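>>> My questions concern the predicted model and sequence given below.
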Amino acid sequence: MRPGPRNLITDVAGLRVGNADDAAIRTGVTVLTADAPFVAAVSVMGGAPGTRETDLLAPDRMVQAVDALVLAGGSAFGLAAASGVADALRAAGRGFPAAGGFVVPIVPAAILYDLNSGGAKDWRENPYPALGRRALAAAGEDFALGSAGAGYGAGTLNLKGGLGSASAVLADGATVGALVAVNALGSVVEGDGPHFRAAPWEFGAEFGGRGPAPRPDPSFAPPPGKQMGAATTIAIVATDARLTKAEAQRMATAAQDGIARAIAPSHTPHDGDLVFAAATGTGAAPGDGGFALGHAAACCLARAIARAVYLARPAPGDRQPTWSARFGTS
């Protein structure tokens with residue numbers, strides 16, 4: 001297993017990602033879309049999720065493919081970002097063919113809580129539909145990480161959060177990628193840092209190359225840096241392998257291990273931890289029943305989580321320090 005050429009989820013051919021953020025509001029939106037509708041599924045393990053259209057992703061539901069997936073800040077207000085994306089997709093003629101000759105874009109979404117990130121949250125008109133449209137319009141193979149998109153206003157227990165991505169190419173040629181907005185109640189570093197919990201899965205120095213902590217202390221409990229109910233890690237794992245909805249759901253479930261490897265604690269009653277899975281189907285069906293895909297998805301997601309925090313940038317008004325400000329960039 002090795003990283004793809006960009007080390008981004010867009011190493012899965014046909015996928016595009018766009019970010020839109022607002023420095024005044026300190027929030028943002030990230031959209032993943034593709035050249036054609038793609039199979040999608042979801043696994044929810046946090047106790048406080050915020051979602052749109054996730055029920056239809058179950059294997060027994062009628063709709064077999066989606067047009068985009070949305071990650072957004074803004075708590076419940078951020079779900080409106082998907083409406084902006086759906087409006088733009090409809091204008092482009094994209095969507096599920098419905099009765100009467102209409103097309104209805106299918107745009108599942110998940111949100112994180114960044115209402116306490118500072119900035120002007122006293123808007124009169126919900127800003128998220130416009131942010132969703134901007135993110136879709138910006139979608140491409142290259143996109144910003146760290147303080148960008150849905151991770152713009154994110155934080156963790158003791159460090160600023162952000163948007164992360166990583167990829168892997170498997171021995172059989174299949175590509176797997178992860179995209180994540182990290183806004184966790186838990187910590188992504190061992191003890192007081194600087195070593196990332198995801199260090200055993202790092203390739204090269206993609207998040208600093210510090211390696212594992214020399215003496216991990218699982219009992220370490222730094223003072224809380226986030227309020228209960230103000231957290232969530234939302235992610236997408238993707239592959240070019242040909243998967244059914246049930247197989248994609250299994251990949252999403254396996255990828256939750258990546259959250260548990262990289263963040264402690266995770267999947268708490270106060271987090272909305274959620275993983276979407278996307279499969280473009282341009283490659284072959286997995287010959288091992290998806291065993292390698294699930295493992296690769298978990299590894300990619302753990303790496304993406306660490307990269308999100310590692311690449312976060314300091315900004316005026318920050319309520320938490322960045323990893324780079326505390327520990328340096330090497």
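Thanks, I have the structure now.

>>> Could you use CA atoms for every contact and neighbour count after this?
Will do.

>>> Tell me where the model's unsure across the stretch 151-300 of the chain.
Along the stretch 151-300 of the chain, the parts satisfying pLDDT under 70 run over 215-230, 289-290.

>>> now the nearest residue to residue 314 once chain neighbours are set aside: how far from residue 313?
By the measure of Cα to Cα, 6 or more residues apart in numbering, the closest residue to residue 314 outside its immediate chain neighbours is residue 322, 6.0 Å from it. Using Cα to Cα, to the nearest Å, we find residue 322 at a distance of 6 Å from residue 313.

>>> Over to residue 110?
Here residue 110 is placed at a distance of 24 Å from residue 313 (Cα to Cα).

>>> Neighbour count for those two, which is higher?
residue 110 (30 against 20; other Cα atoms under 10 Å).

>>> Going by secondary structure, the more buried one is in what exactly?
strand 109-111 (DSSP states H and E).

>>> tell me the mean pLDDT for that strand?
In this model, strand 109-111 has an average pLDDT of 97.

>>> So which elements touch whichever helix or strand comes after that strand?
Tracing the chain past strand 109-111, the next element assigned as helix or strand by DSSP H and E is helix 128-137. The contact analysis (3 or more Cα pairs under 8 Å, 6 or more residues apart in numbering; DSSP states H and E) places helix 128-137 against strand 15-22, strand 27-44, helix 81-91.

>>> ok, now with 6 Å
Under the contact criterion of 3 or more Cα pairs under 6 Å, 6 or more residues apart in numbering; DSSP states H and E, the helices and strands touching helix 128-137 comprise strand 15-22, helix 81-91.

>>> List the contacts of residue 132.
Residues in contact with residue 132, defined by Cα atoms under 6 Å, 6 or more residues apart in numbering, are 81, 84, 85.

>>> Neighbour-wise, which one of those leads?
Within the contacts of residue 132, residue 81 tops the neighbour count with 32 neighbours, counted by other Cα under 10 Å.

>>> Can you check the pLDDT for that residue?
What the model reports for residue 81 is a pLDDT of 98.

>>> do the same with the one 3 residues further on
In this prediction, residue 84 carries a pLDDT score of 97.

>>> which residues of this protein fall in strands?
Counting by DSSP state E, one finds strands in the chain at the ranges 15-22, 27-44, 51-52, 66-72, 96-97, 103-104, 109-111, 162-169, 175-183, 232-239, 274-279.
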